[in-house]
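Novice: Give me a model of this one.
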Amino acid sequence: MVTPAGGGAGERIRWPGVVVVGAGVTGLLVTERLRRSGVPVLLVEQRGLGAGQTGHCHGYLHRGYIYRRLGASQQSALAGCADWWGRRLARAGGESFVGGESVIGFTGDEEREETLAAWTSLGMPWKEVRVPGLAGTTGTFAVPEATVSPRAAVRAVAGIAESTPRVHGRAVLPRLSGRTVSELGILTDEGTTTVSAPAYVLAAGLGTPGLLGPWARALGMRTRLSYMLVVRSGRDLPGAFCLPADSAQGLFVASRPAGRDRVYLLSTFVNFWPSAEDEDARRSWLGAAGRVLATHVPALWDDPDARWGLYPAGKIEVDLPDEGGLPEGGVLDVGWDNAVAVLPGKFVLAPLYADRCVERLARLTDLDRLRGPSPVTPEPPIGTYGSGDSSWAAEDWEMTPLFSRAELFDGPEPARRVPAPSQRKEIDRWSA
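Specialist: Okay, the predicted model is just below:
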C-alpha cells in the first residue's frame, strides 16, 4: 500500500510508470501484463482486489452458445479467451473451476432448431441430455462452457497484484492539460491524494463514467442495473444452466459449492436504467423471476429448506463496432494522449481486452522508457483465496443475507434496502 508522506490531505505522489485505476479482473490483468514487462504500476482500488463487477458476476466462461447471430470471428474470440482461462488455471492449480460444462434449455421448437443449426454451422459441439430438475422445455443440451469462482480465478492468474503498490480510495475526474492527463485525484480516508504519472489506465467498471465525465456520454457509455438472486439449496441441479426463453425474461444460472449444498446465482435478462430507488421496480423484477423459476425450475422453487437473497448487479456497457461486435466491453479511445479506458464486458473476455489495452497504451506512450532495469520474474502459482487475506474482496453472494422464500418474495423488504432502478427496462434475452 502506498502511503504519501504525512498521510494527510493534499499529499502528492509522482509515479514513474502507469497508474491503473480499478482492481477488477481487467485492471488486474493489465497490471499483471505491465509489471511482467518491467513497467512500474500503481494500482488504485476502492473496495479491495476483485470487487465491483468482478465480485458480482457469474464467473461463466462463454464460448458463444447463448448468443444469437454470432459470427465465426466472434465465436472464435470467445472460445479463445475461454481456452486461455483453461490453460492458465490448469497451470495454477487450486480450486478456481466450479464446473466444466453447462446446460442450455429451450422452450420453443423453432428457437431450438434455429440455435442447433447455428451451433452446427460453427462447429460448436453439444449433446442432448435429460435434466430432471428443469421443466417446461422442448430440449436441454450440455455444452462445454465452464464456470469459475471469479475471485479464485483472478487471484490465480493475476496474483502479482498482491505485491503491487496500491492506493486505497476513489479516483475522481482527471485533470487535463490540453489532451494530456496531468494528474488524478484520489479520495482516501485521510483526504485527497493527487497522483501524477506518464500514463494512466481507467478500468474502474461502474466508476468509469465518473472518471470520463462528459466523454462517457459522447462514447455511448451506459449504465445498466439488474439483480442477482442468491439461493442456497441441497437440490440436485446442473451447476450452470441457461434458458434463453421466449416465454419470459429468460434465466441464467451459475453456482458455487457450499458444504453439502450449492449456492445458485440466478439472473434474468432484464436490465433497468438506474435512477432513484424504486421498490416497485425491485418487486416487479422479483415477481417476474419467481414466475420463471416456478415454471422452469420447480425443484428449486418448491424447496422448503432453500434460503434466498438478492443483491443489485450493475454494469457498464458500450457498443464498439470496431471490436468485432463482442458484447458490451472493450478498449475505448477517449481522445487523451496518455490514457486508455477499458470496460470489462464479459468476465471471459478480460484477457483479450487487457492485451488490447496494453497495445493501445504502447501506441500512445513510450512504455519502453518506463520499464525498469529488468522485468518482474514470474512468481509461483498462488492458491485459492484465504479468509485471512484482506487484500481480496469477497464475492457479493458471500455478503448477501439469506431468508425464506416468503420473506424475500412476499413479505416487506427484509434487512436492508437494496437500490432499485426505475420502471424503464430493456430485455436482451441473449446477453447474460
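
Novice: for Val131, helix, strand, or coil?
Specialist: coil (DSSP: H, G, I helix; E, B strand; the rest coil).

Novice: close enough to count as contact, it and Ser102?
Specialist: No. Under the criterion of C-beta atoms under 8 Å, Val131 is not in contact with Ser102, lying 10.9 Å apart. For glycine as for every other residue, the C-beta is placed from the backbone atoms N, C-alpha and C.

Novice: which residues are in contact with both of the two?
Specialist: Common neighbours of Val131 and Ser102 are listed as Pro238, Phe241 (criterion: C-beta atoms under 8 Å, 6 or more residues apart in numbering).

Novice: what about these two, which has more around it?
Specialist: Between Val131 and Ser102, counting by other C-beta atoms under 10 Å, Ser102 is the more crowded of the two (26 against 18).

Novice: and Gly86, what does it touch?
Specialist: Going by C-beta under 8 Å, 6+ apart, the list of residues near Gly86 reads Leu61, Ala146.

Novice: Report the secondary structure element holding it.
Specialist: Here Gly86 sits within helix 72-92, counting by DSSP states H and E.

Novice: In that helix, which of the residues would be classed as buried?
Specialist: 74-75, 77-79, 81-82, 84-86, 88-89, 92 (16 or more other C-beta atoms under 10 Å).

Novice: ok, now stretch 257-266?
Specialist: Per 16+ other C-beta under 10 Å, stretch 257-266 contains these buried residues: Asp261, Arg262, Val263, Tyr264, Leu265, Leu266.

Novice: What is the neighbour count of Ala142?
Specialist: That count, for Ala142 with other C-beta under 10 Å as the rule, works out to 18.

Novice: Tell me the one among the buried residues of stretch 257-266 nearest to Cys357.
Specialist: Leu265 (27.6 Å; C-beta to C-beta).

Novice: Next, the closest one: phi, psi?
Specialist: phi -110, psi 110 (degrees, to the nearest 10).

Novice: do the same with Ala117
Specialist: phi -60, psi -40.

Novice: And the helices in the chain?
Specialist: Assigned by DSSP state H, the chain shows helices spanning 25-36, 72-92, 109-121, 150-158, 208-212, 214-218, 279-296, 298-301, 350-364, 367-370, 405-409.

Novice: for these, which one sits closest to Leu173?
Specialist: Taking the helices of the chain one by one with C-beta to C-beta, helix 208-212 is closest: 6.2 Å.

Novice: in this structure, what secondary structure element scores lowest on mean pLDDT?
Specialist: Using mean pLDDT, DSSP states H and E, the weakest-scoring helix or strand in the chain turns out to be strand 425-427, at a mean of 37.

Novice: circling back: Serialize the helices of the chain to a markdown table and add fields for distance to Phe241.
Specialist: Putting the helices of the chain into a markdown table (distance: least, C-beta to C-beta, whole Å) gives the following:
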| stretch | distance to Phe241 |
| --- | --- |
| helix 25-36 | 23 |
| helix 72-92 | 17 |
| helix 109-121 | 15 |
| helix 150-158 | 18 |
| helix 208-212 | 31 |
| helix 214-218 | 35 |
| helix 279-296 | 9 |
| helix 298-301 | 11 |
| helix 350-364 | 23 |
| helix 367-370 | 43 |
| helix 405-409 | 20 |
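
Novice: low pLDDT regions in the chain?
Specialist: 1-10, 245-249, 274-278, 319-329, 373-390, 411-432 (pLDDT under 70).

Novice: Which of the helices of the chain sits closest to Asp236?
Specialist: Closest of those to Asp236 is helix 298-301, at 7.8 Å (criterion: C-beta to C-beta).

Novice: Now do the buried residues in that closest one.
Specialist: Ala299, Leu300, Trp301.

Novice: again, but for stretch 236-254
Specialist: Buried residues in stretch 236-254 (16+ other C-beta under 10 Å): 237-245, 248-254.

Novice: Work out the gap between stretch 298-308 and the centre of the chain.
Specialist: 27 Å (C-alpha atoms, centre = their mean, to the nearest Å).

Novice: Among the buried residues of stretch 257-266, which one sits closest to Glu317?
Specialist: Leu265 (19.7 Å).

Novice: My guess is the closest one contacts Ser255. True?
Specialist: Yes. If you go by C-beta under 8 Å, Leu265 and Ser255 touch, sitting 6.7 Å apart.

Novice: Arg130 - how many residues pack around it?
Specialist: 7.

Novice: Please disregard the earlier target; I meant Gly136.
Specialist: Neighbourhood size, Gly136 [other C-beta under 10 Å]: 15.

Novice: One more: the one 5 residues further on?
Specialist: As a burial measure, Phe141 scores 20 neighbours (other C-beta under 10 Å).

Novice: what's the closest residue to it other than its chain neighbours in contact with, if anything?
Specialist: Once flanking residues are discounted, Phe141 sits nearest to Trp126: 4.8 Å by C-beta to C-beta, 6 or more residues apart in numbering. The contact partners of Trp126, by C-beta under 8 Å, 6+ apart, come to Tyr65, Leu116, Trp119, Phe141, Ala142, Val143.
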